[in-house]
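Pasting the sequence and the predicted model now:
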Amino acid sequence: MTRSRAHRRPLLRPVPLAAVATIAALLGTGAVVAPAAASPGTAASGAGVTTASRHGADPAASVDPFIGTNHDGNTWPGATAPFGMLQWSPTGTKGDQTSTPVANGYSYDVNRLRGFSLTHLNGAGCAPGAAGDVPIMPVTTPVTTSPSADSTDAVYAAGYSHDQEHASPGRYGVTLDNGVSTDLAVTTRAGIGEFTFPAGQDANLLFRTSNSINGSEAADTRVDARTRTVSGSVLTGGFCSRRANGGGATNPDRRSYYRLFFTATFDKPFTSTGTWKDGAVQPGGTRASGGEGYLTGADRAGRGSGAWVGFDARRGATVHAKIGISYVSAAGAVANRDAEVRKHATVASVAADTRASWNRELSRIRVGGGTADRTTQLYTAVYHALMQPNTLNDRDGRYLGPDMRVHQIDRGHRAVYGTYSGWDQYRAQIQLLALLRPDVAGDMAQSMLRFAEQNGGVWDRWLHLGAPTHVMTGDPSAATLATWYAMGVRNFDVRAAYASLRKQATVENADAESDIGCPGQCLAQRPALDEYLQRHYAANDDCSCWGGAAETLEDSISDSALGYWASSLGLRSDARMFAARGKYWENTFNGAVGYQAARQADGSWTPGWSPSTGTGFAQGTSAQYTWLVPQDVSGLSSALGGDAAAVARLDAFFHDASGNWAVTGGDATRFDPTNEPDIHTPWMYNALGQPWKTQETVRRVVDDAYRTGPSGLPGNDDLGTMSAWYVFASIGLFPQTPGRAEMLIGSPTFSTVDIRRSSGQRIVIRSSGTEQYVQGARLDGKTLTKSWVPASFVNRGGTLSLRVGDSADTTWATAERDRPRDR
């Protein structure tokens, strides 16, 4: 989900090696080496260095958490563990305490912040997005006025320089212009922070408990000077609740759907305490309550509550805070903290342990023979892709459901996971997750099943934590679980999940005719299903959805995926039914113009069509959505006039009128790498018998739309989706279609790729070099003339060997029998 295109600026100069060495010495972990593109304190280096000498047993050294933090990438650089519950990262400000610069709160071009918040979303597209809970802000001024009344962030915020900022997997630090140095490290559910205050000034830590990114319904903060503890909770939610197309005042997400509990203990005594509520300040206070609401600007300014604690800094002060969070209870936050941040833990020791956890995850893909820049991009992409799903359960197995009740994890599962950007992730991120961590995918599938049961049997298309947010279109859960099953994921209740998703696809639910939240956050899931099944398309004027053509295309993909799943389960009647529904895309293809188009309930085409129209589509155009038929490329080719005509259309999609490459976005009639609906299109040439064009087009997108540095992503990362696309492009494979495990072959940017799945399979891709054209292939030692690898390559492992060169081989994998099959 994206809001705007990313714009580019020249890359900045690298930080001098001497400065980097100084930072590394200060960190004491060896985590920081020469960064690329002026992403301070990261572990990237310039191009031209071979991969093998760079990452070794420490691929975290090749991660740059600042990639994507600028120009709409919407990533953030703070400390997090793989699939972490707690993400400790800055929340920035442009002078409005009721808003943030971007969806997650951090933008590289905004050098002022109002706190270090405990939760974040990676790359969500609407601003503000959600989370950003409990900003903790160190200040060196006395607290004489209410921080909530500081509506322009003029008093209780601080500037900083990127020269004083560092980040690596599991750790983040910065020295603010007020002189306070902050160093943060986290585990899955807890963290430790070090705050070093300058001598001779006030030393206060603000707990801005009510100031979640979208605001809050309620907040409570308590200070206990005897135990040196600050604790509390915030009742919040509101994902994307300010979107102009989300129904305005009727936006269904302008509501609370979780309470976050926190507890922080300190190693230094408090010399002062205080609280505030709205405009009132209570020096010496120890408890405050009050939320801010979910509006913005004057409707929210000045509202909120929190507390502060002060320390003796006459000679300077270094204060350590150990903090835990829970979505279940205050006791859960304490237990999570005490179990994960032990008595003698330090920032360095916690950071080292979490870095080791990241290295275990990152090492599931081992590469060699590429440049250092490509290595940095690859491992950063894996890092971003594995930030989610997020752990929801406490260490005792309890978790918060979408019904706001506490539930217990199912026996045999290791975690409950949440936060699912379905419309985005089903196209690339969920496949990468299943490829690397099928065990986590299975736990996520089980979690999603339970969330649906707790949500009246309805699978929502976009979950924040376990709660439905209704964002976007289609039924991506069906495509996701069908894909996971195809890729060998079995550790979930397969029959129950299939039955539940089948019911959602065949029996209209109670809200399916509702227009609440439309068009952007329609409450209806499988909207207007009865009419859809009658007409075989979603009518643009009668669908309770965000674009009838888009809904038809998305549902066709999900139905096709359910058909593949049903076939695997031996349910032949279901397989036939869903396979037929997988072709409903044909009913919104307007043969008279040769494009997908919105269609009315009476069967007529919606007036005002042009290739650039967005009418009938969600965050895309007719020209871009026309290609959204990965499950039936041969059928689409026929509709376009045959393979030659389809190839010509695809060529024009990636080039401007002068024949120059056009793969960075900005033209409504051409490829858009900043958003998801057409990210599969570079790979479609394989099915059209010209795989060399896939190879050159994918490489062009890799080179032109992605880069190192803060502006390194083409658009919103969308919970790791754009990053996952880059990973697949780098290893020379891409999922053929949802619901299946076959992979399309491209050309790797590394000469060696070695994938170790958590389920034990080993997948190796060897290339004779890093040139972009495939000139021959072997699969497990046998000549391969196909431009795809079978599902067994994923589910059993194997070795793919590619011979590559600088010139296109226009004969390899071009025969009809060697193309990917639609069924």
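Happy to help now that I have it.

Output the below-cut-off pLDDT ranges for the stretch 101-250 of the chain.
241-250 (pLDDT under 70).

could you pull out the strands for it?
112-117, 136-139, 158-168, 171-176, 181-186, 190-197, 204-207, 218-224, 229-237 (DSSP state E, counting those that start in this stretch).

closest one to A345 among those?
Closest to A345 of the strands of the stretch 101-250 of the chain is strand 190-197 (Cβ to Cβ; 5.9 Å). Backbone N, C-alpha and C define where each C-beta goes, glycine included.

Could you check the angle the closest one makes with strand 181-186?
Using axes from the mean of the first three to the mean of the last three Cα atoms, to 10 degrees, one finds that strand 190-197 and strand 181-186 are set 170 degrees apart in direction.

Quick check: G418 vs R411, distance?
Applying Cβ to Cβ, to the nearest Å, one obtains 19 Å for the distance of G418 from R411.

For the most centrally placed residue in the chain, give me its contacts.
The residue lying closest to the centre of the chain (Cα atoms, centre = their mean) is L719, at 0.5 Å. By Cβ atoms under 8 Å, 6 or more residues apart in numbering, the contact set of L719 is 121-124, 387-388, 419-421, 424-425, 429.

Same check on N111?
By Cβ under 8 Å, 6+ apart, the residues touching N111 are 159-162.

next one: V647
By Cβ under 8 Å, 6+ apart, the neighbours of V647 are 685, 688-690, 693.

same check, this time on V186
For V186, counting by Cβ under 8 Å, 6+ apart, the contacting residues are 79-81, 84, 86-88, 170, 192, 350, 354.

how about a cut-off of 7 Å?
Counting by Cβ atoms under 7 Å, 6 or more residues apart in numbering, V186 touches 79-81, 84, 86, 88, 170, 354.

Pull the residues that contact the helix or strand Q534 falls within.
Taking DSSP states H and E as the criterion, Q534 maps to helix 529-535. Contact with helix 529-535 is made by 508, 512, 538-539, 542, as judged by Cβ under 7 Å, 6+ apart.

I'd like the next helix or strand past that helix.
Counting by DSSP H and E, what follows helix 529-535 is helix 548-568.

tell me which residues of the helix or strand just after that following helix are tucked away?
Using DSSP H and E, the helix or strand that follows helix 548-568 in sequence is helix 572-581. With burial defined by 16 or more other Cβ atoms under 10 Å, the residues of helix 572-581 counted as buried are 574-575, 577-579, 581.

model confidence over helix 572-581, on average?
Confidence for helix 572-581, expressed as mean pLDDT, is 98.

which secondary structure elements does it contact?
If you count contacts as 3 or more Cβ pairs under 7 Å, 6 or more residues apart in numbering; DSSP states H and E, helix 572-581 packs onto helix 548-568.

which helices and strands sit right next to the helix it packs on?
With contacts taken as 3+ Cβ pairs under 7 Å, 6+ apart, helix 548-568 sits against helix 476-486, helix 494-506, helix 572-581, helix 622-625.

quick check: angle from it to helix 572-581?
In terms of direction (the same axes, to 10 degrees), helix 548-568 departs from helix 572-581 by 150 degrees.

pLDDT (mean, whole number) over helix 548-568?
Here the average pLDDT along helix 548-568 is 98.

That one: how far from the chain's middle?
Mean C-alpha position of helix 548-568 versus that of the full chain (Cα atoms, centre = their mean, to the nearest Å) differs by 23 Å.

Pull out the buried positions in the helix or strand where V440 lies.
Here V440 sits within helix 438-454, counting by DSSP H and E. By 16+ other Cβ under 10 Å, the buried positions in helix 438-454 come out as 438-454.

okay, how far is it across stretch 460-467, tip to tip?
Stretch 460-467 has an end-to-end distance of 8 Å (criterion: Cα to Cα, to the nearest Å).

what's the answer for stretch 324-342, then?
Terminal residues of stretch 324-342 lie 12 Å apart, using Cα to Cα.

pLDDT averaged over that stretch - what is it?
Averaging pLDDT along stretch 324-342 yields 98.

Not counting its own residues, what contacts that stretch?
The contact list for stretch 324-342, computed with Cβ under 7 Å, 6+ apart, reads 85-86, 118, 187-190, 192, 231, 233, 258-263, 322-323, 350, 392, 394-396, 398-400, 406, 465.

Restricted to helices, list the residues you listed.
V350 (DSSP state H).

Now which of the contacts of stretch 324-342 would you call buried?
For the contacts of stretch 324-342, buried by 16+ other Cβ under 10 Å: 85-86, 118, 187-190, 192, 231, 233, 258-263, 322-323, 350, 392, 394-396, 398-400, 465.

Shouldn't V774 be within a strand?
Yes - going by DSSP: H, G, I helix; E, B strand; the rest coil, the assignment for V774 places it inside a strand.

Could you measure from it over to V804?
Here the criterion is Cβ to Cβ. By it, V774 lies 6 Å from V804.

When these two are compared, which one has more neighbours?
V774 (26 against 21; other Cβ atoms under 10 Å).

What pLDDT does the model give that one?
Looking at V774, its pLDDT reads 98.

Contacts only, for it.
When contacts are counted by Cβ under 7 Å, 6+ apart, V774 is found next to 691, 695, 745, 747, 802, 804, 809, 812.

what's the answer for W462, then?
Neighbours of W462 in contact, by Cβ under 7 Å, 6+ apart: 420-423, 469-472.
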